[in-house]
Structures are given as C-alpha cells and as structure tokens.
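S.K.: build me a structure from this.
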Amino acid sequence: MKDYIIQYFTTERQGAVFGFLLSLALLATAWLLWRYPAHSLQRGIAYALLAGGLFLAVATSITIVHNQKRIVQAKTTEVDDERALQRREISRMENVLKTAYIGGLTTFTLFALGGISLLLFAYSPRFKGLGIGLLLFGLMGIGMELFSMKTNRDYLNRIKSINLIN
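M.R.: So this is what the prediction gives:
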C-alpha cells in the first residue's frame, strides 16, 4: 500500500512539473506578444497570458514542494497495519474528490466566463485580446483540473481494488 501512495505523490509532482513548464510557455508567449505586437489585440492577450502564467507558476511550484514533502514522509513512515493504511488512504482520496476541485474549477470557470464576457461586450481590441487570453487560460485550467480529477478517480478505484480489506 505504501508503494501506491509514494507512486501517487510522485505522479502528482510530475503533473505539477508539467504545469510549471506550461506556465513558462505562457510567460514566453506573453513576452513574444508584448515584444512584437502587430495589433493592440496581441497586447491584451499578452496581459492575460502573463497573469495566467504567473498564477500557474506559483501554484505549481507550491504543489511540487508539497508533493516532494509527502513523498519523503511516505517513504519514512513505518506501516504497522496495511489495512488501516488502505482505509485512511481511501478516506483521504474520497475527501479529495469531494472538495479539492471546487476552488480550481470555480476559478478557471470564472476566468473563461470573464473572457467570454470581454469578447462579447468589449469595444477595444485590447480588451477583446484580454478576453481571448482569459478564455484560453480558463479552458486550459479546466482541462487540467478535469484530467487531475480523472487520474485521482482512477487511483481511488485502484486502491479500493487491493484485497487488503475483507
């Protein structure tokens, strides 16, 4: 059971590293759009990608550090009762799936809705560009959250199927 938990946090850390690399791509794209603007629409997109890239860089950095600490903790913790550990891990994952995604999905949905609103109602090309950037960032974030949710559901099903609990 301990190996499953270590693998879980290792996978979570790898996902956060991917998210950090994605944040660097957003920041590089924002810089390019800012540096070589052909239209004020590009500047608007650059503003949104800059803010989104910084937001994502901070969030994924925190996640990388947190998961590394959890890996070390899982490796050094002695396990006396595999069944009790399995019950605790199942309970933890059920709680994660019930509560952990509410904030992220709400935040990214608001970014996407804000982007749609700007696209529909803004007159300035710069604000329309901001809308495009917010919509892209919001949709990207929703996709990442849904992928994470699916991965965590799969993990929960896998640890439930381990035949330790009678």
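S.K.: can you point out the buried residues in whichever helix in the chain runs longest?
M.R.: Longest helix of the chain, by residue count under DSSP state H: helix 82-121. Neighbour-count burial for helix 82-121, counted by 16 or more other C-beta atoms under 10 Å, picks out 85-86, 89, 93, 96, 104, 107-108, 111-112, 114-115, 118-119. In this view, the C-beta of every residue, glycine as well, is placed from N, C-alpha and C.
S.K.: so where's the protein shaky on pLDDT?
M.R.: Within the chain, the stretches with pLDDT under 70 are 164-166.
S.K.: residue ranges for the helices of it, please.
M.R.: Using DSSP H, helices in the chain cover 2-35, 40-76, 82-121, 125-161.
S.K.: ok and the last one relative to helix 2-35, angle-wise?
M.R.: I take that to be helix 125-161. 170 degrees (axes from the mean of the first three to the mean of the last three C-alpha atoms, to 10 degrees).
S.K.: who are the packing partners of helix 125-161?
M.R.: Using 3 or more C-beta pairs under 8 Å, 6 or more residues apart in numbering; DSSP states H and E, the elements in contact with helix 125-161 are helix 2-35, helix 40-76, helix 82-121.
S.K.: do the same with the third one
M.R.: In terms of contacts (3+ C-beta pairs under 8 Å, 6+ apart), helix 82-121 is packed against helix 2-35, helix 125-161.
S.K.: need the ones you listed in JSON lines (columns: mean neighbour count).
M.R.: Compiled in JSON lines, the helices and strands packed on helix 82-121 are given as follows (neighbours: other C-beta atoms under 10 Å):
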{"stretch": "helix 2-35", "mean neighbour count": "17"}
{"stretch": "helix 125-161", "mean neighbour count": "18"}
